[in-house]
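*Asks:* No sequence on hand, only this structure:
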Ligand SMILES: NC(=O)C1=CN([C@@H]2O[C@H](COP(=O)(O)OP(=O)(O)OC[C@H]3O[C@@H](n4cnc5c(N)ncnc54)[C@H](OP(=O)(O)O)[C@@H]3O)[C@@H](O)[C@H]2O)[C@H](O)CC1
Ligand SMILES: [K+]
């Protein structure tokens, strides 16, 4: 039984590269599996057994008791399989169901028939069992068939679960979490572990669903990627599988110029941000790094990075002149710059130079009321790195979940878009999309975004394709944050890149 684990807040490498599907895509793949001759009830049985194996792996000491909460559909059916399997292992299993035995149909009815035990009503009273402790709760109320907000008795049960010391294992999806968007519809239990089938669902990786699902297991139930309709356009879990082959690593033939000359537009107001980005670009391998800044700002940039070049460039005209030097391979404009017309002009000058470009911070907000100008840029090697606030000001008309909005922004702008957060989404204008699953919460510190912009610049400057540079930058940023952990400040991140690259080089790229 192949189970892929993604422990919450830890590396997602085990699920990296996997398609991230919607309920509709999952159902289509399920049908393809059935069409290949696999009986649907066998798939349900495999799904139920996978939940039990995951529980055994997560909690090696068997629970004395289990309380299975079963809904009216096939998610409930899975629950009855789990109940029987746990009972066969000697666990004292109790089942509470949303409807009586005779109302079940199809595979779920077969699963109910195989459960010989008592079935209580699904109501808060059924949770009394938990008071005895040493009990696991199996949430098999709703899965990908959730069709509307949870209410009534089910809502009351979910509320009564909050604060229970007994861990909750969600079957497929925490009941009440929209599998496509990660939204909480009415109410949902906070799981300790979620076991899903085939592939991760969008709602497992997007907030808030990601926080409700917690540890995630993806169980193989016999589906193949080829069963998925429109596989090429389906988002993927970010990780080395998406960018490793394009990661620029130096060879004996390299020298500073072949490793790319990156340029960062710097100012006098927030030089710290520009310095963090510059340091990160150098740490990730840019052969040379120049900060272009007005003369009065030069002392800020000369203090701590002797290897960094500082050139005078006043505004867009100065930047334009500098970029006539064809040896510059990529530019970053915005980190540490005010959101004003000067900055906007510098972004436009950098875009007009035809060089790969990262637009961050003030460089984005400078277009707050002129999103259509950004739309005119239309180049995949122009990478926008907004956080949600900046995104909302740039694309105020876009609605829907983060994945849908980011994709649409990439399509509209014709650029690569990285919308940052605990569930960062990377989207290319060609429709390729990745969701980052393992950014540690320690990254929520000032300057962290500037480091990310610098990492992406450094990779772009070395000639890495834009989508891969963005995806790799986000991953490496997360790996550095995880490597440091508690007490992380942005200044620590660039200095951890060498360790992250060393670890990567030790991992065999199978
Ligand atoms: N994907 C796979 O490969 C497999 C999935 N399995 C499991 O099956 C579920 C999906 O089962 P499905 O029956 O389609 O849907 P659910 O069980 O998730 O829920 C649907 C039933 O729940 C009712 N419903 C939906 N929302 C609500 C609500 N807010 N309040 C009350 N009732 C609700 C819905 O009723 P309708 O009135 O809308 O018809 C349905 O009765 C999947 O998640 C997996 O766990 C297979 O077992 C294995 C293969
Ligand atoms: K569930």
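*Replies:* Cool, got the structure. Everything numeric here is computed off the predicted structure, so don't read it as measured data. Ligands and ions are numbered 1, 2, ... in the order given.
*Asks:* Would you mind listing what in this protein touches ligand 2?
*Replies:* Counting by CB under 5 Å from the ion, the chain comes close to ligand 2 at 139, 143, 170-171, 175. C-beta coordinates here come from the backbone N, C-alpha and C atoms, glycine included.
*Asks:* same thing but at 6 Å, please
*Replies:* 75, 139-143, 170-173, 175 (CB under 6 Å from the ion).
*Asks:* Could you dump these into TSV with distance to ligand 1, secondary structure and neighbour count added?
*Replies:* Output for the residues of the chain next to ligand 2, formatted as TSV (distance: CB to the nearest ligand atom, whole Å; DSSP: H, G, I helix; E, B strand; the rest coil; neighbours: other CB atoms under 10 Å):
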residue	distance to ligand 1	secondary structure	neighbour count
75	3	helix	25
139	10	strand	29
140	7	strand	33
141	8	coil	31
142	4	coil	28
143	2	coil	29
170	10	strand	32
171	5	strand	33
172	4	coil	30
173	6	coil	30
175	8	coil	29
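*Asks:* so where do the helices sit in the stretch 351-500 of the chain?
*Replies:* Taking DSSP state H, counting those that start in this stretch as the criterion, the stretch 351-500 of the chain carries its helices at 362-365, 371-377, 388-394, 402-413, 448-461, 466-484, 492-506.
*Asks:* That should have said the stretch 201-350 of the chain, apologies.
*Replies:* 202-205, 209-213, 240-243, 271-283, 298-302, 315-322, 341-352.
*Asks:* Between these, which one is closest to ligand 1.
*Replies:* Across those, ligand 1 has its closest neighbour in helix 202-205 (11.2 Å, CB to the nearest ligand atom).
*Asks:* surely residue 206 meets residue 182?
*Replies:* Yes. Contact criterion CB atoms under 8 Å: residue 206 and residue 182 qualify, at 3.5 Å.
*Asks:* Could you name every residue contacting both of those two?
*Replies:* When contacts are counted by CB atoms under 8 Å, 6 or more residues apart in numbering, residue 206 and residue 182 have 401, 423 as shared neighbours.
*Asks:* right, is stretch 129-138 up against ligand 1?
*Replies:* No. On the criterion CB under 6 Å from any ligand atom, stretch 129-138 is out of touch with ligand 1, staying 11.4 Å away.
*Asks:* hang on, I meant stretch 45-58
*Replies:* Yes. Using CB under 6 Å from any ligand atom, stretch 45-58 comes into contact with ligand 1 via residue 47.
*Asks:* which outside residues touch that stretch?
*Replies:* Residues outside stretch 45-58 that contact it (CB under 8 Å, 6+ apart): 1, 3, 5, 62-63, 77-82, 84-86, 89, 111, 136, 138, 169, 171-172, 192-193, 195, 197, 215, 217, 219-222.
*Asks:* wait, doesn't residue 106 sit right on residue 74?
*Replies:* Yes. With contact defined as CB under 8 Å, residue 106 reaches residue 74; the gap is 7.3 Å.
*Asks:* Neighbour count for these two, which is higher?
*Replies:* residue 74 (25 against 13; other CB atoms under 10 Å).
*Asks:* just the residues of the stretch 301-450 of the chain that are near ligand 1, which are they?
*Replies:* Residues of the stretch 301-450 of the chain lying near ligand 1 (CB under 6 Å from any ligand atom): none found.
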